[in-house]
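*Asks:* sequence below, structure please.
(chains A and B)
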Amino acid sequence: MHLSISINEQELVKQCVAGEERGYAMLYNKYAKRIYHAVFRVMGNTAESEDIVQEAFCTAFEQIDKLKNQSNFEGWVKRIALNQAISALRKRKMVFADDSQLEMVAEEEVDISEELLFQCQVDDVKKAIADLPDGYRTIVSLHLFEDIGQEEIGKMLGINHATVRSQYHRAKKKIFTALKDKAYYGT
Amino acid sequence: MERDFFKQYIQEHKDAFESEALPPNMLGNILGNLKEREERKAQQELQILEAQKKRKLTYTWLAVACSLFLIAGAYLFVSQENQEIKESGSKMAINSPTVVEQPVIAENEKTPLVKSSIERSTRHLASYQPKADPHKEIYAGLRDSLSVASRLEAIIKINSLASLDNNLKTALCKTFDNDGNDNVRLAALEVLSKFSNDKYIHEQLMAGLSKQKDPVVQLELIKIMGNNSNPETTDKLIAMANNPFTVEAVKEQVYYALLTNNN
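*Replies:* Reported below is the predicted structural model:
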């Protein structure tokens, strides 16, 4: 199954290299949704996310002949799009604070039980993440949803990996606090 | 490493987090953007090619002009050396019989001998005196149809003059109109542009707008004449723009001149 998908993707990439519109459309339909959501989680803004995804696909299609691993088109475009999103956040004068000197927040401080979390509605978690400040939201999105390691996130954002770790825990604490409040007030 | 149950929760519900639909018409925009970029890229490549071609052409002319200049220089050097050898040879030939014949000459015949030597020295002096017409060399240079370098040198000499008399104006305008070499015509144009306030020169430059066929010369001429808001000049510029044989770059310069004109 995986083999057939991979062959199909290579075929589509070849069509794109040949400039065939069908190839562009098929690859877009296959991956655009996932990439759009990844960008949206970082940006928290529909219009900007739309522009970034369009630009990322254009860049990818333009330079598709440079794609080395033809079976990993999604990873490639996603990385282009996320890098563009991070640049856009920087243009907004957003600084990914490097607070590696600060004491790290212990994981024990986050006190929400696994059971309570798994009872939560996805929409509540979604809202709690969306309400985070830009920097925290970026780290949480990259680590939890895109499964990018903390060291790599540090490289992408230009900050120390210890900072990524501490900010991730703070963000998680904020999310859990919001979820607990929600459970407490029962709204 | 501790288990992150929050991450596990997110991974398990990932699809639910991405349930919203995509904004409409994104694919259309992407395809449109791609087409636009391709067109822009093709246009840029074309412009680069044209610029390279133009540069190549200029270099070719420069190379031709330099080689002609070198050939002319070498020819002059060799011919001068030959002349010197001939002159020294003839002097030797003249000197030897005089020495032999001197004792034979009768006293009454001595006077004409002195006379002839005076005559000879006067002739020599006359040949070393400065020429009466300072522009003679310029005319000769402009007429030298075999050497582009001579014609360019003559034009450079004209350029150093503060003013032009009528004959020089006519000769320079004639060169600008008829010379077969683009570089010479360009050089003539450059000098004429200095005196473009002169009525005759102005008329000739205006006539050049319809006569000149080389794009490089045309471009320079439009740059010079484009500042002029004279209706006749404007008519000629419009005619150039409408001419199907006018090169695109020249047309663009014409449009620019018409737009930035005082009208």
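*Asks:* what's in contact with the helix or strand where B:I201 lies?
*Replies:* Using DSSP states H and E, B:I201 falls within helix B:199-211. Contacts to helix B:199-211, defined as C-beta atoms under 8 Å, 6 or more residues apart in numbering or on different chains, come from residues B:166, B:169, B:173, B:176-177, B:189, B:192-193, B:195-196, B:217-218, B:221-222, B:224-225, B:230, B:232-233, B:236-237, B:239-240. Bear in mind the C-beta positions are built from the backbone N, C-alpha and C, glycine included.
*Asks:* report the rounded mean pLDDT for that helix.
*Replies:* Looking at helix B:199-211 alone, the average pLDDT works out to 87.
*Asks:* ok, now stretch A:118-128?
*Replies:* On average, stretch A:118-128 scores 84.
*Asks:* and it, anywhere near chain B?
*Replies:* Yes. With C-beta under 8 Å from any C-beta of the partner chain as the criterion, chain B is reached by stretch A:118-128 at A:F118, A:V122, A:V125, A:K126.
*Asks:* now do the buried residues in that stretch.
*Replies:* Buried residues in stretch A:118-128, counting neighbours by 16 or more other C-beta atoms under 10 Å in any protein chain shown, are found at A:C120, A:V125, A:K126, A:A128.
*Asks:* show residues contacting that stretch.
*Replies:* A:K174, A:I175, A:A178, A:L179, A:K182, A:A183, B:Y9, B:I10, B:H13, B:A16, B:F17.
*Asks:* report the buried members of these.
*Replies:* By 16+ other C-beta under 10 Å, those give A:K174, A:I175, A:A178, A:L179, A:K182, B:Y9, B:I10, B:H13, B:F17 as buried.
*Asks:* next secondary structure after the worst-scoring helix or strand of chain A on mean pLDDT?
*Replies:* Every helix and strand of chain A was ranked by mean pLDDT, DSSP states H and E. The lowest is helix A:114-119, at a mean of 70. Beyond helix A:114-119 on the C-terminal side, the first helix or strand identified by DSSP H and E is helix A:122-130.
*Asks:* can you name the next helix or strand after that next one?
*Replies:* Defined by DSSP H and E, the subsequent element after helix A:122-130 is helix A:134-140.
*Asks:* for the helix or strand following that following helix, packing partners?
*Replies:* Proceeding N to C from helix A:134-140, the next assigned helix or strand is helix A:150-157, under DSSP H and E. Under the contact definition 3 or more C-beta pairs under 8 Å, 6 or more residues apart in numbering or on different chains; DSSP states H and E, helix A:150-157 sits against helix A:73-91, helix A:134-140, helix A:161-185.
*Asks:* so of these, which one's packed in deepest?
*Replies:* helix A:134-140 (a mean of 22; mean count of other C-beta atoms under 10 Å in any protein chain shown).
*Asks:* can you show me the CA trace of it as PDB?
*Replies:* Output of helix A:134-140 as PDB, limited to C-alpha atoms (Å, rounded to 0.1, in the frame of the first residue of the first chain):
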ATOM      1  CA  ASP A 134       2.300  33.700  19.300                       C
ATOM      2  CA  GLY A 135       5.700  32.300  20.600                       C
ATOM      3  CA  TYR A 136       4.200  29.600  22.800                       C
ATOM      4  CA  ARG A 137       1.600  28.700  20.100                       C
ATOM      5  CA  THR A 138       4.400  28.300  17.500                       C
ATOM      6  CA  ILE A 139       6.400  25.900  19.700                       C
ATOM      7  CA  VAL A 140       3.400  23.900  20.800                       C
END
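*Asks:* any part of it near chain B?
*Replies:* No. Residues of helix A:134-140 are not located near chain B by C-beta under 8 Å from any C-beta, the shortest gap being 8.9 Å.
*Asks:* how much distance is there from that helix to the middle of the chain?
*Replies:* Here helix A:134-140 is found 9 Å from its chain centre; the criterion is C-alpha atoms, centre = their mean, to the nearest Å.
*Asks:* likewise for stretch A:164-179?
*Replies:* 16 Å.
*Asks:* ok, now which ones touch B:L237?
*Replies:* Counted by C-beta under 8 Å, 6+ apart, B:L237 has contacts B:L209, B:I222, B:M225, B:G226, B:V254, B:A257, B:L258.
*Asks:* which residues of chain A lie near chain B?
*Replies:* Selection of chain A residues close to chain B by C-beta under 8 Å from any C-beta yields A:21, A:24-25, A:28-29, A:32-34, A:36-37, A:46, A:50, A:53-54, A:57-58, A:61-62, A:107, A:114, A:117-118, A:122, A:125-126, A:143-145, A:147, A:172, A:175-176.
*Asks:* among these, name the buried ones.
*Replies:* Those of the residues of chain A next to chain B that meet the buried threshold are A:24-25, A:28, A:32-34, A:36-37, A:50, A:53-54, A:57-58, A:61, A:117, A:125-126, A:143-145, A:172, A:175-176, by 16+ other C-beta under 10 Å.
*Asks:* run through the residues of chain B sitting next to chain A.
*Replies:* B:2, B:5-7, B:9-11, B:13-14, B:16-18, B:20-23, B:26-27, B:29-31, B:33-34, B:37.
*Asks:* which ones among those lie within helices?
*Replies:* Within these, residues falling in helices by DSSP state H are B:5-7, B:9-11, B:14, B:16-17, B:26-27, B:29-31, B:33-34, B:37.
*Asks:* of the buried ones among the contacts of stretch A:118-128, which one scores lowest on pLDDT?
*Replies:* A:K182 (72).
*Asks:* ok, and the closest non-adjacent residue to that one?
*Replies:* A:D124 (5.5 Å; C-beta to C-beta, 6 or more residues apart in numbering or on different chains).
*Asks:* circling back: in the buried ones among the contacts of stretch A:118-128, find the pair that's most separated.
*Replies:* Greatest spatial distance in the buried ones among the contacts of stretch A:118-128: A:K174 and B:H13, 19.2 Å, computed using C-beta to C-beta.
*Asks:* can you pull the contacts of A:V53?
*Replies:* A:V53 touches A:A32, A:I35, A:Y36, A:V39, A:A81, B:M26, counting by C-beta under 8 Å, 6+ apart.
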